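1. predicted model and sequence follow; I will ask about them next.
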Protein chains: 2
Amino acid sequence: MSPKITTELLKQLRQVMKNPKYVQEPVQAYIVPSGDAHQSEYIAPCDCRRAFISGFDGSAGTAIVTEQQAAMWTDGRYFLQAAQQMDSNWTLMKMGLKDTPTQEDWLVSVLPEGSKVGVDPFIIPADQWKRMSKALRSAGHDLVPVKENLIDTIWADCPQRPCKPLITLGLSYTGVSWRDKIVALRSKMAERKVMWFVVTALDEVAWLFNLRGSDVEYNPVFFAYAVIGMNTIRLFIDGDRMMDPAVREHLQLDSTLEPEFKIQVMPYGSILSELQAVGAGLSPKEKVWLSDKASYALTEAVPKAYRYLTPYTPICIAKAVKNTSETEGMRRAHIKDAVALCELFNWLEKEVPKGTVTEIIAADKAEEFRSQQKDFVELSFATISSTGPNGAIIHYKPVPETNRTLSVNEIYLLDSGAQYKDGTTDVTRTMHFGTPSAYEKECFTYVLKGHIAVSAAIFPNGTKGHLLDSFARSALWDCGLDYLHGTGHGVGSFLNVHEGPCGISYKTFADEPLEAGMIVSDEPGYYEDGSFGIRIENVVLVIPAETKYNFKNRGSLTFEPLTLVPIQTKMIDVSLLTQKECKWVNDYHQTCREVVGAELERQGRHEALQWLIRETEPLIRVQ
Amino acid sequence: MSPKITTELLKQLRQVMKNPKYVQEPVQAYIVPSGDAHQSEYIAPCDCRRAFISGFDGSAGTAIVTEQQAAMWTDGRYFLQAAQQMDSNWTLMKMGLKDTPTQEDWLVSVLPEGSKVGVDPFIIPADQWKRMSKALRSAGHDLVPVKENLIDTIWADCPQRPCKPLITLGLSYTGVSWRDKIVALRSKMAERKVMWFVVTALDEVAWLFNLRGSDVEYNPVFFAYAVIGMNTIRLFIDGDRMMDPAVREHLQLDSTLEPEFKIQVMPYGSILSELQAVGAGLSPKEKVWLSDKASYALTEAVPKAYRYLTPYTPICIAKAVKNTSETEGMRRAHIKDAVALCELFNWLEKEVPKGTVTEIIAADKAEEFRSQQKDFVELSFATISSTGPNGAIIHYKPVPETNRTLSVNEIYLLDSGAQYKDGTTDVTRTMHFGTPSAYEKECFTYVLKGHIAVSAAIFPNGTKGHLLDSFARSALWDCGLDYLHGTGHGVGSFLNVHEGPCGISYKTFADEPLEAGMIVSDEPGYYEDGSFGIRIENVVLVIPAETKYNFKNRGSLTFEPLTLVPIQTKMIDVSLLTQKECKWVNDYHQTCREVVGAELERQGRHEALQWLIRETEPLIRVQ
């Protein structure tokens, strides 16, 4: 990787920072956050402004450019990458290190008195604006919204904002019509006494209208906002996507409808003025509901007294609890995904010993097998295909410079998933194609024990996922081991592979309680720097649990694995498993064999079926 | 219980609420929080103002009196008690129920426009003031500090503020001199660049100066404040306690000392004016460190720009990590405490079948046996002595109206502890003096499994206690059972039986990480309303753990039980224990037998020794 030369770009940016065409008054500093106007985790190329100005294209980072300096804040995952991708115009600010100043402190230390600091109000979430603005004001400076994005003004070959065709999802996939979702949303609004709800997250717009898109890689979403009133529906979306007859019919745009279900389609760019008009017309007690992570621009459009902000929107919460059509779809998707992985692992078992399979080839092969499955749309995230020491890099993605050849001497970790029209998958398996060492097996078995401890956990209704996190670590902790990431995240239904409001992590204390129908991942791991990585990940569905007693009639919950891919028994040190854990593995493999076996049979994939049968032989535990 | 008649008192209070002698302008409402000027958990009789005005004497509750109404907010533990203790002048506001208004909302709904709401600024913590004040201001009212406590003005026979003699603790108890504690504190102050530290919590003053008192029942503290500068020490304390030669010598009041260790003794009541003087003399960058739970009065004495507020003070954190002298003292105290309980349980075993032992008699007997032990000072909290259905009332304290006779047919739960000069104890044992049912044994065994899961847990350095809470519940959860309280709290060293900043609870997310030397309780339970209560509580010391591996050289921790009282094996269903759990019980009992047995022998308590030997027979687990 050679760094991007940014001297000229920074010069241009500093010019527009004082160009009255773009700024009312010159700004002495300009902040370039990562992220888009919807606070998306994955962003479109046109939104990669921080990467454009600096060269650094990691997933997290904030650039600040002043008249004299340019600085980049990023976290430990990206210190090396940022240092390699940025030229000497940039100072790397290593977040998490003791001596690294915060953005506010740094600005205060370098700015001349009474400075203006500019930022695109659409890109900065309202809560971040508030914190930054307060800190600057107390030091005599001002944070100011700069309407036109200054990076866009100097980005000559900026890619177009994607505007790809939409997919309509029928009731068999969604279980609930968009009309019924609107009705449910309005009832939540009535409960909280709000008159308007502003949908800002892309997956929430997609879910609400039972539409999908492909504007952002891996996430089947499209650029849009919506504003839902008690009697009106406004959808802000660009392009000729609304000319598609299927979409028009799906949204009943040409039907005679009760006025409260009539969708008014408006340009994407008109959200601000429309919301300002709504804000201006409010009478006392007419509140507007927004996520507290919505952009400063949209939040400010509503007068403060009328704002109703919550960390999780009612759509976010409703979307997390999957209905029967969605869980059935997820089951189907996971069976197809398992078929693809049985094919892949069977293929790898034969090919790896030849020494011709690289991490990239393996990842491509996984995609090839997945793409053969019905309703396959795309991958759900960049495949982590890593062998040996690369496996210890938790967010690794193979590129030609790092691409390693799989061998019978190293552990191979594959974390991958796909978007199918009926569901989203995300599965990690750790395999050895030769003979694992006793130590590798020992570590693998601790990780497996943690995986089972979560998957088989029974817990009361109302329990938050973070209370289960330690179960996944206990076996590792007993031996002085651990892993430095959370245990699980929410998974969308043919939507984002990471979604709120639930999860399993020692860090997440703002998570909502787990409920039957929620879907999360269960993915403990162990990583030894420079040697190997182990992770065992299933996507699991929260289901009611039958218990002997029922304290205060609260009811209990547990998990059902949706992922049905064998866990390599060769890697298990059976002597470390309890009888209960051993039974869990055998029952799980029995289910894989029956359910996935039937589908392999149906698809005529006999060799993969033989592989599945071999890999699901029961463990025998000697007492 | 008959309610307190408050008509006359409320009339008097409403008069002083508009008496210019006490208020600058009439106040239309007056708030009476529970609590004292130090935000203590246990308060002195003179601080029981809310109980005086209302009759309700539970540990938690806030009274608000307006010109027309009087209302009391309290939580679920006290709904019944408050209803019984208050007359019809009072409206009970049941906190936690959906329709119960907050204090702010209620005030806004009943107050005439532009009202003043008064409160004693010494009793209300700064953060509560802020919230309340903001809510009232946005509705056009004002929260105003009323310097003179209005309850005190009408409380004719208000008890004197206690001012009991002090106990000095030598190095053999404390391990560190007060001078060295001041040096350490000043180094923490220098690290944070603060010039002053205000000690407001009573146990922090006591700990800092290696002094103890008896101004508050159960807590060996005394009324005082301290203000520590980089070169000055001011101790605010009343009475002739500083005339005691032992105290003078301990504090070196009459010695020639370096000026920075010279203690200036000042009247308790002068803290506010002295702190205001400090505040007025500050130059920029001279910060004053206060707990964010300090009173509004003291917090306001420091101009906002100079305040440095933290949830936990450096004293709170240093106090939690016990040094060798303190842990050795705690060990001694727990051995003596175990001797007393062996005597008690041996006595109960003989007496209960006669039907003459009530809950109160048993509690008194426990105190009697404890008081025979060396360095016994007082109990560390009101003994919970409860049998049968009373055991299910988690914060039960036997009174004549509820006093139940122990029998061979009911479970008996004893949660008790003492203050010894060398340590503080807190232990719960659940016993059956006849034959427990299979169901009672089953529940007891789940609780025991939870107790062991925490006590034997191994976890990385830096782990917060709340991450261990689910370990205590897992066995109960598996069967659909649970308990509705946290699993553990910090324990002081001859100080408060409840102390921060660590604990083990699903609720505590602001806890500090566990460190070797910290001491917490481990007390899971199970409560069946109307039938029985089970709790197994040990006080445990955080110690380093040896592990097979050592991930990132972080090191591991585990717990060592300080409490050494047999867990009744009669209550255990051995078939529900794993081999590891069974071994834990047997090892624990072996330690009890050896350590406590030697002390019983030394004290010539032969009958209790025989009881101990019987009760510590190893469990035999049939595979």
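-> Thanks, I have it.
2. how about the longest helix along chain A: buried residues?
-> Longest helix in chain A, counting residues (DSSP state H): helix A:324-351. Neighbour-count burial for helix A:324-351 flags A:325-348, A:351 (criterion: 16 or more other CB atoms under 10 Å in any protein chain shown). Yep, even glycine has a C-beta here, placed from its N, CA and C like the rest.
3. helix, strand, or coil at the residue nearest to residue A:146 when sequence neighbours are not counted?
-> Excluding its sequence neighbours, the residue lying closest to residue A:146 (CB to CB, 6 or more residues apart in numbering or on different chains) is residue A:118, at 4.0 Å. Classification of residue A:118 by DSSP: H, G, I helix; E, B strand; the rest coil places it in strand.
4. distance of the residue sitting nearest the centre point of chain A from chain B?
-> Against the mean C-alpha coordinate of chain A, by CA atoms, centre = their mean, the closest residue is residue A:498 at 2.9 Å. Distance of residue A:498 to chain B, given as CB to the nearest CB, to the nearest Å: 22 Å.
5. again with residue A:561
-> 18 Å.
6. check contacts around that residue.
-> A:455, A:522, A:538, A:539, A:540, A:541, A:588, A:591 (CB atoms under 8 Å, 6 or more residues apart in numbering or on different chains).
7. cool, residue A:486 as well?
-> By CB under 8 Å, 6+ apart, the residues touching residue A:486 are A:469, A:503, A:504, A:505, A:506, A:507, A:508.
8. can I get these in TSV with secondary structure, pLDDT and neighbour count?
-> Shown next, in TSV, are those (DSSP: H, G, I helix; E, B strand; the rest coil; pLDDT from 0 to 100; neighbours: other CB atoms under 10 Å in any protein chain shown):
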residue	secondary structure	pLDDT	neighbour count
A:469	helix	97	23
A:503	strand	95	25
A:504	strand	96	30
A:505	coil	94	17
A:506	coil	90	17
A:507	coil	84	11
A:508	coil	65	20
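9. give the bridge partners for the residue nearest to residue A:146, please.
-> residue A:30, residue A:144 (DSSP bridges).
10. would you mind confirming that it makes contact with residue A:142?
-> No. Counting by CB atoms under 8 Å, residue A:118 does not reach residue A:142; the two are 9.5 Å apart.
11. of those two, who's got more company?
-> residue A:118 (25 against 15; other CB atoms under 10 Å in any protein chain shown).
12. how close does the more buried one get to chain B?
-> As for residue A:118, its distance to chain B is 28 Å (criterion: CB to the nearest CB).
13. what about the residue lying closest to residue A:181 once chain neighbours are set aside, how many neighbours?
-> Closest residue to residue A:181 apart from its sequence neighbours, by CB to CB, 6+ apart: residue A:208 at 5.5 Å. The tally of other residues near residue A:208 (other CB under 10 Å) stands at 23.
14. residue A:208: which element?
-> helix A:202-209 (DSSP states H and E).
15. and that helix, what does it pack onto?
-> When contacts are defined as 3 or more CB pairs under 8 Å, 6 or more residues apart in numbering or on different chains; DSSP states H and E, helix A:202-209 packs onto helix A:178-191, strand A:224-229, helix A:314-320.
16. what's the helix or strand following it in contact with?
-> Where DSSP H and E defines the elements, the next helix or strand beyond helix A:202-209 is strand A:211-212. Residues outside strand A:211-212 that contact it (CB under 8 Å, 6+ apart) are A:166-169, A:205-206, A:220-222, A:247, A:250, A:494-495.
17. cheers, nothing more for now.
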